[in-house]
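Trainee: I'll drop the sequence and a predicted model, then ask my questions.
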Amino acid sequence: MSAVVNKEAFLAKIAEALKRGRQRRFKQSVELIVVLRGVDLSKPENRINLLVELPHPPKPNKIAAFAHGAFEVNARNAGVDAVITRDQVEGLSGNKRAIRKLAKQYDFFIAPPDLMPLLGRVVGPIFGPRGKMPEVVPPNVEVKAVVERLKRAVRVRLRNEPVIKVRIGSEAQDPKEILDNALAVLEEVNRRFPLRQYLDDIYIKKTMGPPVKIRAAEALVK
């Protein structure tokens, strides 16, 4: 990725974004906003929904498992933050308020394949548009490995507009760690949409801070 992105210029912009804006009573997240151009979003193949593992996650994500039987045991042993049983899923049916609350409560969900028809019917209409549908874990895949990956992951989505917004760190982190996280995200974006062709602008900002713009000509190696 360093062959495409100008790391020094990027790091300087991250440092500038961390300095700008008033101090808050909480640790603000640092967000990366990537604006693309020339992407035809009327084509389904151009709407991406990717998980990217961050080398320096600001904090572990909260993971919940829809589970029963042996999968429930494996999920608990893997250290998920909550287990939601089949009976509890059925109890959620029609309770939109509780389903919306559940979607907000956890960053990612996992589930075995056999629960997906039920989950699609009960939580799908609310989880789907939010990008919160569970990661399906096949029987031959180690649950712990999936949970560990999700604890470090961010979701990169491109749907109705050519803009990607993703949290890449915290203001408490070293700017170089935030840079590494940004590069991990940009590497995945570059695989789908080569930045030299599709990148318009990039912005770095704290949750409540002003955005710092990085023009494509600054962000990319000449």
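Mentor: Happy to help now that I have it.
Trainee: how about the strands in this structure?
Mentor: Listed in chain order, the strands of the chain (DSSP state E) span 29-36, 49-53, 63-67, 82-85, 108-111, 135-136, 153-157, 163-170, 199-206, 212-215.
Trainee: how about CSV for those, with mean pLDDT added?
Mentor: Shown next, in CSV, are the strands of the chain (pLDDT from 0 to 100):
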stretch, mean pLDDT
strand 29-36, 96
strand 49-53, 93
strand 63-67, 97
strand 82-85, 96
strand 108-111, 97
strand 135-136, 96
strand 153-157, 94
strand 163-170, 96
strand 199-206, 95
strand 212-215, 94
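Trainee: quick check: angle from the lengthiest helix in the chain to strand 199-206?
Mentor: Using DSSP state H, we find that the single longest helix of the chain is helix 175-192. Here the directions of helix 175-192 and strand 199-206 differ by 150 degrees (axes from the mean of the first three to the mean of the last three CA atoms, to 10 degrees).
Trainee: Listing request: residues of this structure with sub-threshold pLDDT.
Mentor: Applying pLDDT under 70 to the chain flags the ranges 1-2.
Trainee: domain parsing for it?
Mentor: 7-47+159-219, 63-151 (the TED database).
Trainee: Next, format those as TSV and append mean neighbour count and distance to L54.
Mentor: All C-beta atoms are positioned from the backbone trio N, CA, C, and that covers glycine. TSV is the format used below for these (neighbours: other CB atoms under 10 Å; distance: least, CB to CB, whole Å):
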stretch	mean neighbour count	distance to L54
domain 7-47+159-219	17	5
domain 63-151	17	10
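Trainee: Can you add distance to E53 and give these back as CSV?
Mentor: Formatted as CSV, the domains of the chain follow (distance: least, CB to CB, whole Å):
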stretch, distance to E53
domain 7-47+159-219, 7
domain 63-151, 6
